[in-house]
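*Asks:* sequence plus the predicted model coming up.
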Amino acid sequence: MDYIVRAMAANGQIRAFAATTRELTEFARSAHNTSPIVTAALGRLLTAGAMMGVMMKGEEDVLTLRIQCSGPIQGLLVTADSKGKVKGYANCPDVMLPPREDGHLDVGGALGLGVLSVIKDMGLKEPYVGDTALQTGEIAEDLTYYFATSEQVPSAVGLGVLMNRENTVRQAGGFIVQLMPFAEEATISALEEKIQKISSVTEMLESGKTPEDILQELLGGLGLEITDTVPTRFACDCSKERFEKGLLCIGKKELSDLLSEEKPVETVCHFCGRKYAFSVEELRRIARK
């Protein structure tokens, strides 16, 4: 089962999150029929979104991670809530690129130049929006840069997706470790030393390590204290009623054009790929509204 672990260390000087997200990443791969490189990119962003979602306090808070980019993927969108539910999609799900020289999937090449936007809707008049330029396109480094520049929170972010030969998801997960403003120099130095020594997220997961074990690798010896565990999953709240509201919003002329074809209309959810059909009679009823 996919889940996120929340923790503190060094008497509250460090807060940390770690997650295993294989099932939700595999759900996204299956729903969108993504190529391996897109699965890796989307899986990383979904993992980050799930962890950043549970950082939020409010029951109704919603986080959106959006990447707009020049590479062949063209963009990614992920939304998450504070309860561990996350969903997302890639603009171009079937991108194929040769691997990097080290044999890893070239996620940075698939994204290219672009902008990472973090949007937090916390029920205020305006949502918080933080935009930063992509640094590497590998997503973990881009989020590290975002936290440092937009939120002024020194952070270490690790994200990974490992594929099976038949292109299903073998491992997926990640961590976010953040220093609080009052962190002491000794704590910062000890954490930096730990981070330099750890292996990649996928290597740790593949060796059987749980999110708790990953945090132990990162923060063992620094007074690690696991505070709680949150289940996480790919969850889409689309419905036929929502799509009906969408059809109501497209305008009389567009609805008339649809009706003039005398054919049923099929709508598809961007996030989960679920399809909703509207018969000609249903379209007439919507038009009468």
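*Replies:* Received the coordinates, thanks.

*Asks:* every contact and neighbour count from this point should use C-alpha atoms.
*Replies:* OK.

*Asks:* report the central residue of this protein.
*Replies:* In the chain, the centroid-proximal residue (Cα atoms, centre = their mean) is residue 46; its distance is 2.1 Å.

*Asks:* what helix or strand does it sit in?
*Replies:* Here residue 46, judged by DSSP states H and E, is contained in helix 36-54.

*Asks:* tell me the mean pLDDT over that helix?
*Replies:* Across helix 36-54, pLDDT averages out at 97.

*Asks:* could you do stretch 193-210 as well?
*Replies:* 93.

*Asks:* can you start the count at 14 instead of 1 from here on
*Replies:* Will do, 14 is the new start, and the previous item becomes stretch 206-223.

*Asks:* which residues touch that stretch?
*Replies:* 33, 169, 171-175, 184-187, 227, 230-232 (Cα atoms under 8 Å, 6 or more residues apart in numbering).

*Asks:* looking at the residues you listed, which are in helices?
*Replies:* Under the assignment DSSP state H, the contacts of stretch 206-223 contribute 227, 230-232 to helices.

*Asks:* with pLDDT, distance to residue 70 and neighbour count as extra columns, can I get those in JSON lines?
*Replies:* Shown next, in JSON lines, are these (pLDDT from 0 to 100; distance: Cα to Cα, whole Å; neighbours: other Cα atoms under 10 Å):
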{"residue": "227", "pLDDT": "96", "distance to residue 70": "24", "neighbour count": "21"}
{"residue": "230", "pLDDT": "93", "distance to residue 70": "27", "neighbour count": "17"}
{"residue": "231", "pLDDT": "93", "distance to residue 70": "25", "neighbour count": "23"}
{"residue": "232", "pLDDT": "93", "distance to residue 70": "24", "neighbour count": "24"}
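
*Asks:* which stretches in the stretch 164-302 of the chain count as strands?
*Replies:* Along the stretch 164-302 of the chain, the segments classed as strands by DSSP state E, counting those that start in this stretch run 168-176, 182-192, 238-244, 246-247, 278-281, 288-291.
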